[in-house]
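**Student:** missing the sequence, but the structure's below:
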């Protein structure tokens, strides 16, 4: 069984938690396996035995963060009814996530910036995550062009928050999204 397909042991979960915190706060390039092992209270051999390589650990971090994000977003959308309210809830969820989980911006974009080779697997993980967000909007509005516009507002809010220091970027993106949504959506469209 390949290393990445084995269930995580308690030490493996601890390594992933520590690596996730360090990678997000300091960047994937500046964090070494020695630091991760020391902070997780394991040997470097344990880290490699479980994850195989730093790249595999980076991918595990991004996958775990993406799973948390998807669960968070879908949970927030499930709390509201009505097609318009569900779209707007995505921006409310984004604002909450940015304030509590994502002060340094998008982990996917950050990793791609640090590992700029488009052939590096982080680009596939990031593209998959962005495609999921776009598909979420497409499902909510049943309109590909509008889904693209909502995705751009969403991603722009992340950058405006983390780089531009606009603390209410998600709320402003929500207002712009509200202006874009067709009247038919309010009347019970998709």
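**Tutor:** Nice, I can see it. Quick caveat: nothing in here was measured; it's all calculated off a predicted structure. Numbering: from 1, shown residues only.

**Student:** Quick check: residue 130 touching residue 151?
**Tutor:** Yes: using CB atoms under 8 Å, residue 130 is in contact with residue 151, at 7.3 Å. In short, each C-beta sits where N, CA and C put it, glycine included.

**Student:** Tell me the buried residues in stretch 90-110?
**Tutor:** Under the neighbour-count criterion of 16 or more other CB atoms under 10 Å, stretch 90-110 has 90-95, 97-98, 102, 105-110 buried.

**Student:** Check stretch 111-123 too.
**Tutor:** For stretch 111-123, by 16+ other CB under 10 Å, it's 111, 112, 115, 120, 122, 123.

**Student:** Just the ones in helices from the residues you listed, please.
**Tutor:** Using DSSP state H, the members of the buried residues of stretch 111-123 that fall in helices are 111, 112, 122, 123.

**Student:** from those, which is closest to residue 39?
**Tutor:** Using CB to CB, residue 111 comes nearest to residue 39 of those, at 19.2 Å.

**Student:** Can you give me the distance of the closest residue to the closest one other than its chain neighbours to residue 20?
**Tutor:** In space, residue 111 comes closest to residue 122 once its chain neighbours are excluded; the distance is 4.6 Å by CB to CB, 6 or more residues apart in numbering. Separation of residue 122 from residue 20 (CB to CB, to the nearest Å) stands at 14 Å.

**Student:** what about the residue most central in space within the chain, helix or strand, and which?
**Tutor:** Central residue of the chain (CA atoms, centre = their mean): residue 66, 4.5 Å from the mean position. For residue 66, the host element (DSSP states H and E) is helix 54-78.
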